[in-house]
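> What shape does this take:
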Amino acid sequence: MLYKINLENILFLDIETVPENATFDELSDEKKMLWEQKSKYQRKEDFTPEEFYDRAGIWAEFGKIICISVGYFVEKGADKNFRVTSFYGDEVILLKDFKKLLQEHFNQAKHLLCGHNGKEFDFPYIARRMLIHGIKLPYKLDLFGKKPWEIPHLDTMELWKFGDYKHFTSLKLMANILGIPSPKDDMDGSMVRDVFYNENDLDRIVIYCELDVVTTAQVFLRLRGDDLLTDNQIKKI
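The predicted structure follows:
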């Protein structure tokens with residue numbers, strides 16, 4: 001049924017996150033205690049709370065969003081292109097700008113959001129960070145009271161599961177097995193924290209985030225049996 005969805009009604013997205021503070025020592029005593037409790041199960045006895053803090057960006061309660069990249073299709077007859085742009089920098093500003101995009105261009109019932117593992121990570125993370133900053137949720141992220149079939153979210157990883165809820169497949173692996181050319185990026189998700197705090201190179205992170213959006217769109221095209229995008233069809237705006 002994927003082929004019945006109008007590609008122009010889908011907003012593809014990806015986020016990059018980091019710990020809210022550069023170091024564990026910058027946390028208040030109360031936040032340190034809360035981090036110790038929150039991370040206890042994941043770190044077990046292998047790491048101290050301080051040693052494990054470089055992974056705090058995974059949790060919206062202890063991390064922050066530094067980039068939201070989005071992409072969408074524009075079709076004119078047989079001509080199709082994919083436009084990519086990003087919101088990055090100050091978290092409050094980028095969240096408000098992203099919300100404005102949703103409200104002005106992707107606010108109708110026909111519109112859908114799509115990410116890879118978006119239902120487990122990107123969508124709830126964005127919603128939580130908006131609430132933390134006192135930003136009212138846009139309709140596409142406010143899921144309260146909605147029935148499962150009313151939730152306007154697509155997830156390429158979920159589509160690949162085919163009902164197998166134990167299955168996790170990375171975006172990089174899906175691109176490989178589906179024959180999608182790997183973008184020539186020079187980093188992976190585990191490097192984002194160091195590139196942001198140690199190298200102060202946000203531009204590098206934005207490029208990486210945008211490549212993931214393009215790859216997610218390519219995976220979606222393959223899942224519905226469409227031709228892949230060519231380099232000439234991908235436009236940075």
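> Now do the phi/psi pair for Q233.
Backbone torsions of Q233, given as degrees, to the nearest 10, read phi -90, psi -10.
> so it makes contact with V84?
No - in this structure, Q233 is not within contact of V84 by CB atoms under 8 Å, at 11.0 Å. To be clear about C-beta, it is placed using only N, CA and C from the backbone, and glycine gets the same treatment.
> which helices and strands sit right next to the biggest helix by length in the chain?
Secondary structure of the chain read by DSSP state H shows that its longest helix is helix 202-223. Here helix 202-223 touches strand 10-19, strand 63-76, strand 79-88, strand 112-115, helix 156-161, helix 171-177, helix 192-197, going by 3 or more CB pairs under 8 Å, 6 or more residues apart in numbering; DSSP states H and E.
> Would you mark the buried spots in stretch 1-21?
In terms of neighbour count (16 or more other CB atoms under 10 Å), stretch 1-21 has its buried residues at 7, 10-21.
> I'd like to know how many residues surround E30.
Using other CB atoms under 10 Å, E30 is surrounded by 8 other residues.
> how near is it to S39?
For E30, the distance to S39 equals 15 Å [CB to CB, to the nearest Å].
> Over to E104?
Distance of E104 to S39, computed by CB to CB: 38 Å.
> Tell me which of those two has more neighbours.
Comparing E104 with S39 by other CB under 10 Å, the one with more neighbours is S39, at 20 against 8.
> I figured the more buried one hits P49, correct?
Yes - using CB under 8 Å, S39 is in contact with P49, at 6.1 Å.
> hang on, the earlier thing: mean neighbour count, the helices and strands packed on helix 202-223: which tops it?
The highest average neighbour count among those, using mean count of other CB atoms under 10 Å, belongs to strand 10-19 at a mean of 24.
> Parallel or antiparallel, list what pairs with that one.
If you go by DSSP bridges, strand 10-19 pairs up with strand 63-76 (antiparallel), strand 112-115 (parallel).
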